[in-house]
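Asker: Here you go, sequence then predicted model.
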Amino acid sequence: MTDEPEKPLRFLTPTQVAEELNVKPNQVHALIKAGELRAFQVGGRGMWRIGRQDVEDYIAEAYRRTAERIAAGELQDEGETESQE
């Protein structure tokens, strides 16, 4: 057993990114296909990997775009779609 802290993963799978963003993996694949989220394929089976910094960059860009849309009056607070009981 070592006393070294565990290093965060440099690359994530689409499933791991989906968990971070609280979406389904197919949404992550759609973001990749649309060019909104940088990713690359590895291995003969073409497994996707996404850099941790690319996820952070995607989130920062999403915040920026959302702020612009709010400022332009394009978005209104509609709340979450989850039922409140």
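Answerer: That came through, no problem.

Asker: I'd like the average pLDDT over whichever helix in the chain runs longest.
Answerer: For the chain, the helix reaching the highest residue count under DSSP state H is reported as helix 52-71. The pLDDT scores in helix 52-71 average 96.

Asker: So what does the residue lying closest to residue 12 once chain neighbours are set aside have for phi and psi?
Answerer: Closest residue to residue 12 apart from its sequence neighbours, by Cβ to Cβ, 6 or more residues apart in numbering: residue 50 at 5.1 Å. Where C-beta positions appear, they are placed from N, C-alpha and C, glycine not excepted. Backbone torsions of residue 50, given as degrees, to the nearest 10, read phi -130, psi 130.

Asker: Test my guess that residue 50 contacts residue 11.
Answerer: Yes. Look at residue 50 against residue 11 with Cβ atoms under 8 Å: they come within range, at 6.7 Å.

Asker: The two: which is more packed in?
Answerer: residue 50 (22 against 14; other Cβ atoms under 10 Å).

Asker: mind listing what's buried in stretch 43-63?
Answerer: Buried residues in stretch 43-63, counted by 16 or more other Cβ atoms under 10 Å: 48, 49, 50, 51, 54, 55, 58.

Asker: right, I mislabeled it, should have said stretch 65-74
Answerer: Under 16+ other Cβ under 10 Å, stretch 65-74 has no buried positions.

Asker: how about the helices in the chain?
Answerer: Using DSSP H, helices in the chain cover 14-21, 25-33, 52-71.

Asker: mind checking which of those helices is nearest residue 5?
Answerer: helix 52-71 (15.9 Å; Cβ to Cβ).

Asker: From the rest of the structure, what touches that closest one?
Answerer: 8-12, 17, 20-21, 31, 36-39, 75 (Cβ atoms under 8 Å, 6 or more residues apart in numbering).

Asker: now it and helix 25-33, what's the angle there?
Answerer: 90 degrees (axes from the mean of the first three to the mean of the last three Cα atoms, to 10 degrees).

Asker: then helix 52-71 to CSV, C-alphas only?
Answerer: Extracted C-alpha coordinates of helix 52-71, given in CSV (Å, rounded to 0.1, in the frame of the first residue of the first chain):
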residue,chain,number,x,y,z
ARG,A,52,-10.7,15.2,-18.8
GLN,A,53,-9.8,18.7,-19.9
ASP,A,54,-12.0,18.3,-23.0
VAL,A,55,-15.0,17.6,-20.7
GLU,A,56,-14.1,20.7,-18.6
ASP,A,57,-13.8,22.8,-21.8
TYR,A,58,-17.2,21.5,-23.0
ILE,A,59,-18.8,22.5,-19.7
ALA,A,60,-17.2,26.0,-19.7
GLU,A,61,-18.4,26.5,-23.3
ALA,A,62,-21.9,25.3,-22.4
TYR,A,63,-22.0,27.9,-19.6
ARG,A,64,-20.8,30.6,-21.9
ARG,A,65,-23.4,29.8,-24.6
THR,A,66,-26.2,29.6,-22.0
ALA,A,67,-25.3,32.9,-20.5
GLU,A,68,-25.4,34.5,-24.0
ARG,A,69,-28.8,33.0,-24.7
ILE,A,70,-30.2,34.2,-21.4
ALA,A,71,-28.8,37.7,-22.0
